[in-house]
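>>> Build me a model:
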Amino acid sequence: MLLASGVNPQGVPAIVRRPAAIDTDDVLKALEPIWSKIPETAVRVRGRIETVINYSAAKGLRPRGLNPASWRGHLGDILGNPTKLRAAARESNNRPEHHPALAWMEVPDLMLALEKRKGIAALALRFLILVAARSGEVRKMTWGEVDETKNVWAVPRANMKGGRAHFVPLSAAALALLEEVRPLAKGHTSLVFPGRGTGAQLSDATIGMVLRNMALDGCAEGELPRWRDAEGRAVVAHGFRASFKTWTLAKGWADHLGELALAHADTNMTRVAYARDALIEERRPMMEAWGAWCMKSEPATLANLAAERAKRTVA
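So this is what the prediction gives:
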């Protein structure tokens, strides 16, 4: 008897048949209900079924031949790409595809786990979370963009989605992380988070892989990703911007400060015409509190930050 799927809480029919009797229809009955609904889990389930059937054939429990769970030239032609199907379904319902985001209450625990990960990509991801930035902004960041007298990261317009320069007040947590990577600096034009070995720009996939491994490595068959959103999807780097936004609202920070921190475009043209100040200092306590929340530490005071700046200036 073969139990090929153990994710019944998510509505996945189990395959309970003798190995020799399992066919493509059985596999499809297990996969179709979840294929576009929870693609991360569905893809893993398909792989596990294929492995079990291959093992059964090797042990003589079923005849050798086409594996009914194989992908190339078989299920791939029937099911299609699960992520694309999910996006198409949302588009047809006029619903935007939101990036999987971790609940803000869980971010400190993820950061603690992330600190144990080695490599420049893990450091870049930690910084991305602390400053609520987009992946491309962090990957292209150079030391020349960091104003260490004012504790501000000035992101050039060329690196911004909206094409406008963006200014990020750096919290004590963010500054401490920059100190970790400072030994890699090779001048103002060098990348803050260079690719390992080559010094070239990190790829978005490299940062994403850190999260993917954290979410899925060591999970039992059919188990949901360790770090997931409310729908059971493995979280992605861009989703931490949503985590930050919901935290600002939950903690009572003014909405316009949260929007400025995320560099969101203001759709009110009148307000845009008059509100041209980046409100860096008004945003600084918010970013300090977010950094402290992420690191489970006490927020640094403005006096502390001024003292640190003075030390670096003297040095």
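>>> buried sites along stretch 135-154?
135, 137-143, 145-146, 150-153 (16 or more other CB atoms under 10 Å). In this view, the C-beta of every residue, glycine as well, is placed from N, C-alpha and C.
>>> surely Arg139 meets Ala200?
No: between Arg139 and Ala200 there is no contact under CB atoms under 8 Å: 10.2 Å.
>>> got the buried residues for stretch 100-114?
Per 16+ other CB under 10 Å, stretch 100-114 contains these buried residues: 100-102, 104, 107, 110-111, 114.
>>> cool, stretch 227-247 as well?
Quick answer for stretch 227-247 (16+ other CB under 10 Å): 227-229, 232-247.
>>> tell me what whichever strand or helix holds Glu281 is packed against?
Element membership for Glu281, per DSSP states H and E: helix 280-295. Packing partners of helix 280-295 (3 or more CB pairs under 8 Å, 6 or more residues apart in numbering; DSSP states H and E): helix 107-115, helix 120-131, strand 166-169, helix 172-181, helix 239-250, helix 255-261.
>>> Turn those into a markdown table, columns for mean pLDDT.
Formatted as a markdown table, the helices and strands packed on helix 280-295 follow (pLDDT from 0 to 100):
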| stretch | mean pLDDT |
| --- | --- |
| helix 107-115 | 95 |
| helix 120-131 | 96 |
| strand 166-169 | 95 |
| helix 172-181 | 95 |
| helix 239-250 | 95 |
| helix 255-261 | 93 |
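>>> Columns distance to Arg17 on top of these, output as JSON lines?
Output for these, formatted as JSON lines (distance: least, CB to CB, whole Å):
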{"stretch": "helix 107-115", "distance to Arg17": "39"}
{"stretch": "helix 120-131", "distance to Arg17": "43"}
{"stretch": "strand 166-169", "distance to Arg17": "57"}
{"stretch": "helix 172-181", "distance to Arg17": "53"}
{"stretch": "helix 239-250", "distance to Arg17": "39"}
{"stretch": "helix 255-261", "distance to Arg17": "53"}
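>>> Nearest to Leu61, out of these?
Proximity to Leu61 (CB to CB) singles out helix 107-115 among those, at 39.7 Å.
>>> got the angle between that closest one and helix 120-131?
For helix 107-115 against helix 120-131, the angle by axes from the mean of the first three to the mean of the last three CA atoms, to 10 degrees is 160 degrees.
>>> still on that earlier bit, right, and out of the buried residues of stretch 135-154, which lies closest to Arg18?
Distances from Arg18 to the buried residues of stretch 135-154, taken by CB to CB, are shortest for Ser135, at 47.8 Å.
>>> Model confidence at the closest one, what's the number?
With respect to pLDDT, Ser135 has a value of 93.
>>> Quick check: it touching Ala237?
Yes: contact status for Ser135 versus Ala237: in contact at 5.2 Å, counting by CB under 8 Å.
>>> Find residues that contact each of these two.
Residues touching both Ser135 and Ala237 comprise 128, 204, 207-208, with contact defined as CB atoms under 8 Å, 6 or more residues apart in numbering.
>>> Now, of the residues you listed, which are buried?
Buried among the shared contacts of Ser135 and Ala237 (16+ other CB under 10 Å): 128, 207-208.
>>> Could you dump the residues you listed into JSON lines and include distance to Pro33?
Formatted as JSON lines, those follow (distance: CB to CB, whole Å):
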{"residue": "Leu128", "distance to Pro33": "35"}
{"residue": "Ile207", "distance to Pro33": "32"}
{"residue": "Gly208", "distance to Pro33": "27"}
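>>> quick one: which of those is nearest to Arg283?
Looking at these and their distance to Arg283, the nearest is Leu128, at 17.2 Å (CB to CB).
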